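J.: sequence first, then the predicted structure:
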Amino acid sequence: MGLLSSLFAGVSGLNANGTALSVIGNNIANMQTVGFKSSKATFADLISSSISGGSGSVQTGIGVALTSVQGNFSQGSLATSANVLDMAIDGNGFFIVQDAQGGTFYSRAGTFRLDKDNNVVDPSGFKLRGFLADTTGTITGSIGDVSLPSTTASPNDTNLAFLAANLNSAAPVTGVEGNVVGSAASATTSAAGNLSFDINLNGDGAQTVTVAAGLTGAALATAIQNGVRALTPADPFRTAAYTGFTASVNAAGFFTFASGLAGVTNNTTAGTGAVVVTANGADTLGANLNMLAGTSTTGTNFSIADPTGTSNFSTSMTVYDSLGNSHLLTTYFTKAGSNTWNYNVTANSNDVVTANYASANIDATLGITRVGAGTLTFGTDGTLDRESVAIRFDTGTAAGTAGTVPGQMQIDFNGATPDQLLTYNYGTSVTTEGGNGLDGTTQFGSQSAVVQLTQDGYAAGSLQAFSVDGNGVINGRFSNGQLRALAQVVLARFPDPLGLTRTGNNTFAESGNSGQPVTGVPESAGLGKLKSNTLELSNVDLGESFIDMIAAQRGFQANSRVITTSDEILQELVNLKR
């Protein structure tokens, strides 16, 4: 029985070492296979029953048996690639792929490409799985096949435009400042009953001006000027009408009262460019100065017929409607008074529904239409102090309609969604918005210039290129300049990856020994980082494989000698009968 056992032990050794050579050969054969994980055969001895029939002391083995082929999931070396869809996992985790029948598999091989349907697939045609993104680029919690869009990306109409510029504080007031000139010369001296009158500057409402008694000529003019400048405007945007107000008298005795504001401000449709003097009850000063029926000149500033000549500075910006069509809007800045600037926005008349705009806001020669207007006021330190609500002109009236939001206009572009709201943001103003007034448009003593122009609209676009970041987010770059998330690669990890079943094609399948997969995005929940333009190479160690091969070869040879020796002994036993 002992001699036969030695034969069986030798045979088991041949089988074991032959299996070891098969595993080593498979490792070496796949040393160039991307993402391949090597294996190692493990063995255990076989113990027979006790020779003496007892337990413990006298036992003989009957050979060796293969217990497992254990995978080696150590990190493989990383190599760069020119294909952006070549991805490697640096750390723990597996790619999740799915075959045509819906079977789910796991892989470390990140050799991916686009198929004819723009699905991201591996060389076997298995589709890569990931978290999908909606049309806005927001990653959802839904896992599906990762595919890249081949259709045109939807456009986005412009809702917000940021315009940061410096407006030269030294620029002259542009336009005509409203004034009134006495109808006749006056040499009146202020006295009881002849000390006050009411004045209305630029439609701000009548206010009473009172001077001291005993003044005449230039002294009286100076007192009137100081009195008007000391008044508090009802509309803060018309402050310049008061602070810049002048009263003068010429050698012939004619008084002139002039507003400090050219034209009107664009914060309301109720303003005027006129200076109106009326009597304050029974007081006779207004009449004695011959101002009640004086010659009045209405102030003007911006003119749609001559936008360049009636402005101090201009800049243009391209915006987009709901169809993705681009439109050039030009903003003209006109200095209307001290620290006060009006802005007027024009569009090409071919771009807007001109039937919705009054003829007073359209210039056929230049082919432009005024679509919005507003007023900015600045502090004495150059900071943006106030932003007015914008006036829209698509209501068919010459004066337009004042809005409710600072800088927000409403424009009717041809063929697009009507009443497109477009807000011009000039920075966070001090009084209107509680800001510092320095992060947008300012008024300093330097040349007028644009600092920054941005807007949030864009045209329709097609996918031109894409990239993959370390978190597995596949970002697409479109022809309209937009960068949008298209999907996010999802990874899986297992409690015992050694329990996974190899299914060929560089894939593994879940088994009862591996445990349930835990999915997540790269660099979360113990998962590794994703590297694009990179492949993980096989982790086969060729030197170690050769050493294992030599050991298996020697083991095979030695076990074959056990068999031949046992055979010779048995032959001698047979020969005893002769």
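T.: Sure, I can see it.

J.: where are the low-confidence patches of the stretch 301-450 of the chain?
T.: For the stretch 301-450 of the chain, applying pLDDT under 70 flags no range at all.

J.: show me the residue at the heart of the protein, geometrically.
T.: The centroid of the chain falls nearest to residue 483 when counting by C-alpha atoms, centre = their mean (7.8 Å).

J.: what sits opposite it in the beta ladder?
T.: Beta-bridge partners recorded for residue 483 (DSSP bridges): residue 477.

J.: so it sits against residue 475, correct?
T.: Yes - Residue 483 is within contact range of residue 475, at 5.6 Å (criterion: C-beta atoms under 8 Å). In short, each C-beta sits where N, CA and C put it, glycine included.

J.: quick one on the thing from earlier: ok, the residue nearest to the centre of the chain to residue 523 distance?
T.: Taking C-beta to C-beta, to the nearest Å as the measure, residue 483 falls 20 Å from residue 523.

J.: with residue 187 instead?
T.: As judged by C-beta to C-beta, residue 187 and residue 523 stand 89 Å apart.

J.: what do you get for residue 125?
T.: From residue 125 to residue 523 the distance is 28 Å (C-beta to C-beta).

J.: higher neighbour count, these two?
T.: More crowded of residue 125 and residue 523, by other C-beta atoms under 10 Å: residue 523, with 17 against 12.

J.: against residue 484, how distant is that one?
T.: 21 Å.

J.: how about residue 116?
T.: With C-beta to C-beta as the criterion, residue 116 and residue 484 are 23 Å apart.

J.: between the two, tell me which one has more neighbours.
T.: Comparing residue 116 with residue 484 by other C-beta under 10 Å, the one with more neighbours is residue 484, at 20 against 6.

J.: I'd guessed the more buried one sits against residue 156; true?
T.: No - Residue 484 is beyond contact range of residue 156, at 10.8 Å (criterion: C-beta under 8 Å).

J.: give me the below-cutoff pLDDT ranges for the stretch 1-150 of the chain.
T.: 1-5, 10, 48-59.

J.: show me where it has strands.
T.: Using DSSP state E, counting those that start in this stretch, the strands of the stretch 1-150 of the chain run over 39-50, 59-71, 78-80, 87-90, 94-98, 104-107, 113-114, 120-121, 127-133, 139-145.

J.: the stretch 301-450 of the chain too?
T.: So, for the stretch 301-450 of the chain - with DSSP E, counting those that start in this stretch - the strands run 313-320, 326-337, 340-348, 362-363, 368-378, 384-387, 389-392, 401-406, 408-411, 420-425, 449-455.

J.: save the ones you listed as a markdown table, and put in mean neighbour count and distance to residue 226 too.
T.: A markdown table is the format used below for the strands of the stretch 301-450 of the chain (neighbours: other C-beta atoms under 10 Å; distance: least, C-beta to C-beta, whole Å):
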| stretch | mean neighbour count | distance to residue 226 |
| --- | --- | --- |
| strand 313-320 | 18 | 32 |
| strand 326-337 | 23 | 18 |
| strand 340-348 | 25 | 20 |
| strand 362-363 | 18 | 42 |
| strand 368-378 | 26 | 22 |
| strand 384-387 | 25 | 24 |
| strand 389-392 | 24 | 32 |
| strand 401-406 | 15 | 33 |
| strand 408-411 | 23 | 39 |
| strand 420-425 | 20 | 37 |
| strand 449-455 | 14 | 37 |
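
J.: to residue 78, which of these lies closest?
T.: strand 449-455 (38.8 Å; C-beta to C-beta).

J.: packing partners for the helix or strand following that closest one?
T.: Remark: after strand 449-455, the chain's next helix or strand is strand 463-468, criterion DSSP states H and E. If you count contacts as 3 or more C-beta pairs under 8 Å, 6 or more residues apart in numbering; DSSP states H and E, strand 463-468 packs onto strand 473-478, strand 529-532.

J.: with mean pLDDT, distance to residue 121 and mean neighbour count added, can I get those strands in JSON lines?
T.: Converted to JSON lines, those look like this (pLDDT from 0 to 100; distance: least, C-beta to C-beta, whole Å; neighbours: other C-beta atoms under 10 Å):
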{"stretch": "strand 473-478", "mean pLDDT": "92", "distance to residue 121": "14", "mean neighbour count": "20"}
{"stretch": "strand 529-532", "mean pLDDT": "94", "distance to residue 121": "17", "mean neighbour count": "21"}
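
J.: Serialize these to a markdown table and add fields for distance to residue 573.
T.: Converted to a markdown table, those look like this (distance: least, C-beta to C-beta, whole Å):
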| stretch | distance to residue 573 |
| --- | --- |
| strand 473-478 | 74 |
| strand 529-532 | 67 |
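
J.: can you tell which of these is closest to residue 252?
T.: strand 473-478 (72.0 Å).

J.: list of residues touching the closest one?
T.: Under the criterion C-beta atoms under 8 Å, 6 or more residues apart in numbering, residues 130, 139, 146, 148-149, 153, 461-469, 483-489 lie in contact with strand 473-478.

J.: angle of it against strand 463-468?
T.: Orientation check (axes from the mean of the first three to the mean of the last three C-alpha atoms, to 10 degrees): strand 473-478 against strand 463-468 gives 160 degrees.

J.: off-centre distance for strand 473-478?
T.: Centroid separation between strand 473-478 and its chain, computed with C-alpha atoms, centre = their mean, to the nearest Å, is 12 Å.
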